[in-house]
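Engineer: sequence first, then the predicted structure:
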Amino acid sequence: MSKTIASEIIQKYEPIEEVKKQHQMTIEGFIRYMNSNDCLLFKKGCKHVYQDMTHPLSDYFISSSHNTYLISGQLIGPSDLWGYASALVKGCRCLEIDCWDGSQNEPVVYHGHTLTSKILFKTVIQVINKYAFTASDYPVVLSLENHCSPHQQEIMASNLQSILGDTLLSDVLEKFPNELPSPEALKFKILVKNKKIGTIEETIKRLGNDKHGQIVECEEEEDEEYDEEDSEEHINSPMLFPKTKTRKIKIALELSDLVIYTKSEKFKGFRHAQLYQKFNENNSIGELHARKLSKQKAREFISHTNSFITRIYPKATRTDSSNYIPQEFWNVGCQMVALNFQTPGLPMDLQNGKFLDNGGCGYLLKPEILRNPKLNFSPNEFKEYNPTTLLIRLISGFQLPPSYRNDPLVLIEIYGIPDDQTKQQTRVVRKNAFTPRWNETFTFTIHAPEMALVRFVAETQATIGSNEFLGQYTLPLLCMNKGYRTIPLFSKTGDDLDPASLFVYVWYHE
């Protein structure tokens with residue numbers, strides 16, 4: 001630490017003027033400093049947008065939610081506007097909207113073929129318009145699961161245009177006629193992701209023409225949300241699987257022409273995409289299929305996500321709105337790894353921790369190993385000759401949340417490529433959750449630090465069954481400050497448990 005920085009710290013935190021003048025610090029001043037935001041584990045620089053935001057959209061991880069309108073299970077319970085407001089406030093940039101024909105010519109949003117309640121499509125768009133850019137200036141993508149008749153699709157298009165106004169991207173950007181634009185170029189814009197008829201060029205030719213009542217029929221091989229591999233779960237509920245293997249869908253040109261850079265296209269394999277897929281076409285792949293591809297064809301998967309936006313969604317059998325571990329799909333460069341934001345737990349801890357980075361703007365530039373085809377990267381076969389050594393000394397805790405036993409321990413978990421995934425834990429401190437002291441050192445070897453997340457979990461030991469969760473904190477490894485640092489703890493639902501915290505010493509190569 002330089003003399004200038006030391007002097008600034010003394011001036012800011014030392015309470016006694018006479019000591020300040022001598023450029024010294026009392027114990028009281030030092031404690032104030034160590035308990036301040038200046039000593040948090042998370043780097044200050046990562047709290048702001050610092051990454052290059054001028055790459056094409058396909059070069060970014062994009063914070064994405066699944067069935068955003070649901071706030072509980074997938075079969076019964078309410079659909080709620082709060083799902084959209086809450087996701088946007090958290091920095092989510094891709095929202096899912098399931099659209100169905102409603103009464104009185106008003107399209108509705110709900111989980112089709114279930115008992116979930118219905119909300120009006122237009123009120124969903126009104127809420128999105130209100131909260132879209134609360135947490136981030138960068139573009140929002142509306143991922144439409146469109147089951148509406150052509151007439152109600154026209155109403156959807158009218159709602160989108162009248163409510164969103166100039167924020168709706170309804171034309172090609174002049175500088176990006178044949179390539180995906182960047183988040184920077186799309187600031188304060190809302191994009192529609194849906195099936196589209198024809199090419200961008202054909203859309204441009206139609207601009208300004210009267211398209212009312214024009215309908216085009218196209219063939220879709222199967223419902224996007226139906227994943228053949230879900231049948232392995234032996235679930236045969238007709239509520240879950242409208243098993244339409246080949247169907248004709250009718251799309252109103254008014255809605256089709258609002259789809260510019262985010263055209264939904266059925267995934268037919270990596271080879272097919274390489275030969276025929278256009279730059280503005282993206283794919284949605286079910287979790288089970290995507291997991292098989294990530295294990296068997298990781299390099300091809302990464303090559304695909306180099307060029308095309310790929311969205312992953314949970315398998316249909318997750319009727320309780322549970323989530324998969326998103327890391328496995330980030331490892332192969334999938335941009336939109338969609339989770340049920342309403343369901344707390346490890347997957348959402350990883351989601352929230354990852355997207356703390358880059359100012360919480362919802363867009364993260366993928367590391368070069370996922371953007372540069374020449375590196376021929378595979379997370380399953382990665383051999384780095386100079387791996388990073390991460391050293392963490394878990395020193396103590398402070399005012400951990402009370403529990404029945406008050407026998408705390410701490411787990412340190414690493415999530416990243418398979419070779420890096422591991423966890424270690426401290427010993428148990430008996431009957432002291434107020435000021436537990438561990439003073440234990442842990443060493444980790446990290447082969448792909450740019451992909452790694454570190455999760456700290458405080459638990460209390462249980463005599464029977466699993467340990468009781470007390471609090472956690474997750475962040476990208478490269479967003480960790482070195483030296484002596486304070487770690488704030490958060491509840492299962494993401495609430496700050498201040499003043500509950502951990503005190504650590506951190507060191508690693510950069």
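Structural biologist: Okay, I see it.

Engineer: so for the longest helix anywhere in the chain, mean pLDDT?
Structural biologist: In the chain, with assignment by DSSP state H, the single longest helix is helix 150-164. Helix 150-164 carries an average pLDDT of 98.

Engineer: can you give the contact residues for that helix?
Structural biologist: The contact list for helix 150-164, computed with Cβ atoms under 8 Å, 6 or more residues apart in numbering, reads 99, 101-102, 105-107, 121-122, 125-126, 128-129, 144, 146, 148, 168, 170, 190, 192, 212-213, 215, 250-252, 254-255, 258. Using the backbone N, CA and C atoms, a C-beta is placed for each residue, glycine as well.

Engineer: how far is stretch 378-394 from where the chain is centred?
Structural biologist: How far stretch 378-394 lies from its chain's middle: 23 Å, per Cα atoms, centre = their mean, to the nearest Å.

Engineer: same question for that stretch, mean pLDDT?
Structural biologist: 88.

Engineer: only the buried residues of that stretch, if you could.
Structural biologist: Neighbour counts over stretch 378-394 (16 or more other Cβ atoms under 10 Å) mark 378-379, 382, 387-388, 390, 392-394 as buried.

Engineer: from those residues, pick the one nearest R318.
Structural biologist: P379 (23.8 Å; Cβ to Cβ).

Engineer: OK, contacts around the closest one?
Structural biologist: Contacts of P379 (Cβ under 8 Å, 6+ apart): 298, 331-332, 417-418, 448, 451.

Engineer: can you lay out those as CSV showing pLDDT and secondary structure?
Structural biologist: What follows is those, written out as CSV (pLDDT from 0 to 100; DSSP: H, G, I helix; E, B strand; the rest coil):
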residue, pLDDT, secondary structure
A298, 97, helix
N331, 98, coil
V332, 98, coil
I417, 96, coil
P418, 96, helix
A448, 94, coil
M451, 96, helix
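
Engineer: and the nearest residue to K122 once chain neighbours are set aside, how far from C148?
Structural biologist: Leaving aside its sequence neighbours, K122 sits nearest to N159 (Cβ to Cβ, 6 or more residues apart in numbering; 4.5 Å). As for N159, its distance to C148 is 11 Å (criterion: Cβ to Cβ, to the nearest Å).

Engineer: can you pick out the residue with more neighbours from these two?
Structural biologist: C148 (22 against 19; other Cβ atoms under 10 Å).

Engineer: using the three-state scheme, assign that one.
Structural biologist: Here C148 is recorded as coil under DSSP: H, G, I helix; E, B strand; the rest coil.

Engineer: and if you look at L293?
Structural biologist: Recorded secondary structure, L293: helix (three-state DSSP).

Engineer: report the contact partners of the closest residue in space to it that isn't next to it in sequence.
Structural biologist: Spatial nearest neighbour of L293, excluding adjacent residues (Cβ to Cβ, 6+ apart): F301 at 5.3 Å. Contact analysis of F301 by Cβ under 8 Å, 6+ apart lists 270, 293-294, 332-334.

Engineer: between these, which sits nearest L180?
Structural biologist: So of those, ranked by how close each gets to L180 (Cβ to Cβ), first place is G333, at 14.4 Å.

Engineer: just the buried ones among the contacts of P379, please.
Structural biologist: 298, 331-332, 417, 448, 451.

Engineer: who's in contact with stretch 117-137?
Structural biologist: 69, 77-81, 84-85, 88-91, 93, 95, 97, 99-100, 102, 106-110, 140, 142, 155-156, 159-160, 163-164, 167, 187-188, 190, 359-363.

Engineer: before we move on, the earlier item: which one of the buried residues of stretch 378-394 is nearest V19?
Structural biologist: For the buried residues of stretch 378-394, the nearest to V19 is R393 (29.2 Å; Cβ to Cβ).

Engineer: hmm, Q214 is touching I251, no?
Structural biologist: No: using Cβ atoms under 8 Å, Q214 is not in contact with I251; the gap is 9.8 Å.

Engineer: out of the two, which sits in the more crowded spot?
Structural biologist: I251 (23 against 17).

Engineer: go ahead and confirm that one touches G198.
Structural biologist: No: using Cβ under 8 Å, I251 makes no contact with G198, being 10.2 Å away.

Engineer: report the buried residues of whichever strand in the chain runs longest.
Structural biologist: Secondary structure of the chain per DSSP state E: the longest strand is strand 496-508. For strand 496-508, a neighbour-count test (16+ other Cβ under 10 Å) marks 497, 500-504, 506, 508 as buried.

Engineer: now do the same contact list for the residue positioned nearest the centre of the chain.
Structural biologist: Of all residues in the chain, the one closest to the mean position by Cα atoms, centre = their mean is S63, 3.2 Å from it. The contact partners of S63, taken as Cβ under 8 Å, 6+ apart, are 90-94, 351, 355, 362-363.

Engineer: could you export the residues you listed to CSV, including columns for distance to F308 and secondary structure?
Structural biologist: Listed next are the contacts of S63 as CSV, based on distance: Cβ to Cβ, whole Å; DSSP: H, G, I helix; E, B strand; the rest coil:
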residue, distance to F308, secondary structure
K90, 26, coil
G91, 24, coil
C92, 21, coil
R93, 17, coil
C94, 15, strand
Q351, 22, helix
F355, 21, coil
G362, 20, coil
Y363, 17, strand
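
Engineer: dump those residues into TSV; add pLDDT as well.
Structural biologist: Converted to TSV, the contacts of S63 look like this (pLDDT from 0 to 100):
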residue	pLDDT
K90	96
G91	97
C92	98
R93	98
C94	98
Q351	98
F355	98
G362	98
Y363	98
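
Engineer: ranking these by neighbours, who comes first?
Structural biologist: Y363 (28 neighbours).

Engineer: separation between that one and Y84?
Structural biologist: Per Cβ to Cβ, Y363 is found 19 Å from Y84.

Engineer: can you check C334 too?
Structural biologist: C334 is 23 Å from Y84, by Cβ to Cβ.

Engineer: before we move on, what about V506?
Structural biologist: The value you get for V506 to Y84, if Cβ to Cβ is used, is 37 Å.

Engineer: repeat for T493
Structural biologist: T493 sits 18 Å away from Y84, going by Cβ to Cβ.

Engineer: who has more neighbours, these two?
Structural biologist: Between T493 and Y84, counted using other Cβ under 10 Å, the more crowded position is Y84 (29 against 9).

Engineer: you'd agree that one is in a helix?
Structural biologist: Yes: Y84: assigned to a helix according to three-state DSSP.

Engineer: all set, thanks.
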